[in-house]
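Chemist: Pasting the sequence and the predicted model now:
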Amino acid sequence: MQSQDVAPHPAPTSDPVVDVEQAEAALVEHYPRLVRLAYLVLPSGPGRSRRVLTAHALVQRALPRGRSSTPAIPAQSTGRDGDPGYAFLRGRVLRAVLESGLPLRRRVWPRRSQLPSPLPRVWGLKLFPRSGGADELALEQELSALSGPARAAYVLRGLEKLADGDVRRILTSAGVADAAAALREADGAEERYALLASPEFDACTLQARPTDLMRRRQHTKAALAAAAAVAVCGALVVLPGGGWGPDGAAAPVYAQNPAAEAALDPGRVVRVSPAAWKSAARTGFSVWPARGGLAGDSALLRRALAVWARPGEKVRVSFTTGTPTGGPAGPPQLLYAGAVDNARVVILYDGLRIVRYAEPKDGTAGAALDFARVDGAADAEASAIVLDRADGNVRFLTAPWVKTAAERDLLKPGAGAMDLTLTDGITAPLASPATRTGACTSWNVLRLTDGTGTRLLSDLGELVPARLTSGSPGTARDVSGSKALHAWAPYACSLGTVRSQGVRSVNAWAFAEQSLPDAAGTADWVCTRAETWRGGGSRALAQFRTPGGTYGAVAAMSQDGPACGPRDPHALAGVLWKSGTGSWYLLAAGSRDVASVRAEGGVSGSARGPVLAVRAEEGAQAKLEGTLKDGRSISGLG
């Protein structure tokens, strides 16, 4: 079980206790931010690919070793700035980054951060962030000229928005001998702090290229020849008769394979009738018509199909987790081909994946290929595809059954929605939260209305937006009414933790209400669960919100488990809470089918029913267990 320290009153002057569980929760929630920080502070000398892997390795190493048998339930947090787990990890990451740049010395045992990490490792590929513009390049050169401590000071000032006093304290705790000198050196660099949030320095959104193919061939030539000889000899021993026939049951080579040739023929792409969806038994991407002003451009379609089958070295390829990136098995379905801003865009569908090809209007250099897995998509899940992103905005291509589109801020349930113009199924630009950095002050979502109702979709940085639902597992419904909107509002910002994870849908389930001690009102407990297209990788967050609180705070997390879902529609979570009188309590709550709750370890107590409130000490550790009404046991989420 994880939880975080947030009290509605001033924090104590002593440093808050941070245990392994809390640090792990902070690492998961703020991983992209920590990797960006490490990437910016690392020296640029080794090259961008090695720098990316080093940044990930150092952040992953920042988690303390060992695991407590009775995980702590620390107090909740209002966000990154007040999260002691994040501050703790940031300090460890900075120390590791600065130590990794120190030269190795004779007869001195190297620090762990100076040794190469076994993980993460990528074979046969180079990974690096997207290239920025002239301003990002100038900032990169300026940062490379600074010392490691000065780079750290610059990044803490610009990316973390910290005052010089806080920067000096953090640098000193990270082992910098003269933090004041580092600040003075950073003063000499031009203030381009806004660029630190640029995709140029995002080491979690990467492009892939092959390594030196010729060198790899030379190194593996002998091994491949030996392996082939062994395979041939072994097969000849076990096969009956005269061994292999001329080609056996194998099909002709790729270039002569009729299915492969058909898949690359623009004249054979599948085009669905514009009215097909009206009589279809199931509404999905398979009944989308071909749209766009360039749907008849055979040359463009030929290029898109060829790049899909054999992307060149300079093609930027991206894909959601768990999505195959191979070529089409047969002629795919054309969903769109047209001019969008300064690019020509083609969107294709092969029954399993949505594939978007984009090239500049003035040539093919800089072409991009994006893949998203969408198997089984129907109705709401097949309502929209991301057509284009530009200047922080996103435009969607909507399903033919969509009648109206609008934009609304999920954080403001009482505010109205702003209508979006639909032109041949394409929405007007919508401000996207997917690429935003910094404080979460809004979360814009797409509202679509069709003949069956209204639904909300959230852009999470992928080709297909995630469907938002609310309600109990197994009976969740689309977010459409005032009650559902108000239920989602405090937890909208938690959607940022599942960006670029291949998310199919996210459900918010209000599983409990709890009367707080000292007559402090009633708190809400909500479990948000993100399901993925690939099946695995789901994430459930138990969130706690005090009366009048704007945001919920993550109290516990379950990764790749069934909790809060149809297979396991139960929840149990806890948090340490400080009342207005200064007293600390362990609060725990379970779903309605929880008959009793008990706490063991540093805090002991039990209660009949689904809620528990026990006096506790700050930083206490406890383990939660519950019993369901049918007699089965349930453990705290985490």
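Modeler: Great, that's in hand. This structure is a prediction, so every number in the text was calculated from the model and none was measured. Numbering: from 1, shown residues only.

Chemist: hey, where'd the helices end up in the chain?
Modeler: 20-41, 48-61, 84-100, 134-144, 148-158, 164-173, 179-187, 213-238, 258-263, 276-279, 298-309, 482-488 (DSSP state H).

Chemist: And these, which one averages the lowest pLDDT?
Modeler: Here the lowest mean pLDDT among the helices of the chain goes to helix 213-238, at a mean of 49.

Chemist: picking that back up, please identify the most buried of the helices of the chain.
Modeler: helix 148-158 (a mean of 24; mean count of other C-beta atoms under 10 Å). Placement of C-beta: from N, CA and C, glycine included.

Chemist: Mind listing residues that contact that one?
Modeler: 37, 40-41, 43, 94, 97-98, 101, 143, 146, 162, 164, 166-167, 170-171, 174, 176, 178-179, 181-183, 185-186, 189, 191-193, 196 (C-beta atoms under 8 Å, 6 or more residues apart in numbering).

Chemist: Swap in 6 Å and give it another go.
Modeler: 40-41, 94, 98, 101, 143, 162, 167, 176, 182-183, 185-186, 189, 193, 196 (C-beta atoms under 6 Å, 6 or more residues apart in numbering).

Chemist: about what we covered before: may I see the helices of the chain arranged in CSV, with distance to L387 as well?
Modeler: Formatted as CSV, these follow (distance: least, C-beta to C-beta, whole Å):
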stretch, distance to L387
helix 20-41, 25
helix 48-61, 29
helix 84-100, 35
helix 134-144, 26
helix 148-158, 33
helix 164-173, 42
helix 179-187, 41
helix 213-238, 34
helix 258-263, 24
helix 276-279, 19
helix 298-309, 15
helix 482-488, 25
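
Chemist: just to revisit the earlier point, of all pairs in the contacts of helix 148-158, which one is the farthest apart?
Modeler: G101 and Y193 (22.4 Å; C-beta to C-beta).

Chemist: Next one: the residue found closest to Y357 once you drop the neighbours it is linked to in the chain from P566, what distance?
Modeler: Excluding its sequence neighbours, the residue lying closest to Y357 (C-beta to C-beta, 6 or more residues apart in numbering) is A304, at 3.9 Å. A304 sits 38 Å away from P566, going by C-beta to C-beta, to the nearest Å.

Chemist: Just the CA atoms of stretch 190-200, as PDB, please.
Modeler: Extracted in PDB, the C-alpha atoms of stretch 190-200 (Å, rounded to 0.1, in the frame of the first residue of the first chain):
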ATOM      1  CA  GLU A 190      21.000  32.900 -20.500                       C
ATOM      2  CA  GLU A 191      17.600  32.300 -18.900                       C
ATOM      3  CA  ARG A 192      15.700  30.000 -21.300                       C
ATOM      4  CA  TYR A 193      13.800  28.200 -18.600                       C
ATOM      5  CA  ALA A 194      10.700  27.600 -20.700                       C
ATOM      6  CA  LEU A 195      12.700  25.400 -23.100                       C
ATOM      7  CA  LEU A 196      13.600  22.900 -20.400                       C
ATOM      8  CA  ALA A 197      10.100  21.500 -20.800                       C
ATOM      9  CA  SER A 198      10.600  21.000 -24.600                       C
ATOM     10  CA  PRO A 199      10.200  17.600 -26.200                       C
ATOM     11  CA  GLU A 200      14.000  17.900 -27.100                       C
END
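
Chemist: Report the buried residues of it.
Modeler: For stretch 190-200, the neighbour count (16 or more other C-beta atoms under 10 Å) marks R192, L195, L196, A197, S198, E200 as buried.

Chemist: was I right about the last one contacting D135?
Modeler: No: with contact defined as C-beta atoms under 6 Å, E200 does not reach D135; the gap is 9.1 Å.

Chemist: Let me see the contact set for the residue minimising distance to the centre of the chain.
Modeler: Using C-alpha atoms, centre = their mean, the residue of the chain that lies closest to the mean C-alpha position is R499, 3.0 Å off. Counting by C-beta under 6 Å, 6+ apart, R499 touches L460, G461.

Chemist: Phi first, then psi, for it.
Modeler: phi -70, psi 140 (degrees, to the nearest 10).

Chemist: per-residue confidence at it?
Modeler: Confidence score, pLDDT, at R499: 89.

Chemist: any idea how far it lies from A434?
Modeler: Counting by C-beta to C-beta - R499 and A434 are separated by 6 Å.

Chemist: now do G574
Modeler: When distance is defined by C-beta to C-beta, G574 is 32 Å away from A434.

Chemist: the more surrounded of the two?
Modeler: Remark: of G574 and A434, G574 carries more neighbours, 29 against 19, as counted by other C-beta atoms under 10 Å.

Chemist: Which residues are in contact with each of R499 and A434?
Modeler: With C-beta under 6 Å, 6+ apart as the test, R499 and A434 both reach L460, G461.

Chemist: export stretch 85-93 as PDB, just CAs?
Modeler: Provided in PDB are the C-alpha atoms of stretch 85-93 (Å, rounded to 0.1, in the frame of the first residue of the first chain):
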ATOM      1  CA  GLY A  85       8.700  11.100  -1.700                       C
ATOM      2  CA  TYR A  86       9.400  13.200  -4.800                       C
ATOM      3  CA  ALA A  87      11.800  15.500  -3.000                       C
ATOM      4  CA  PHE A  88      13.700  12.500  -1.500                       C
ATOM      5  CA  LEU A  89      14.000  10.900  -5.000                       C
ATOM      6  CA  ARG A  90      15.000  14.100  -6.600                       C
ATOM      7  CA  GLY A  91      17.900  14.500  -4.200                       C
ATOM      8  CA  ARG A  92      19.000  10.900  -4.800                       C
ATOM      9  CA  VAL A  93      18.800  11.300  -8.500                       C
END
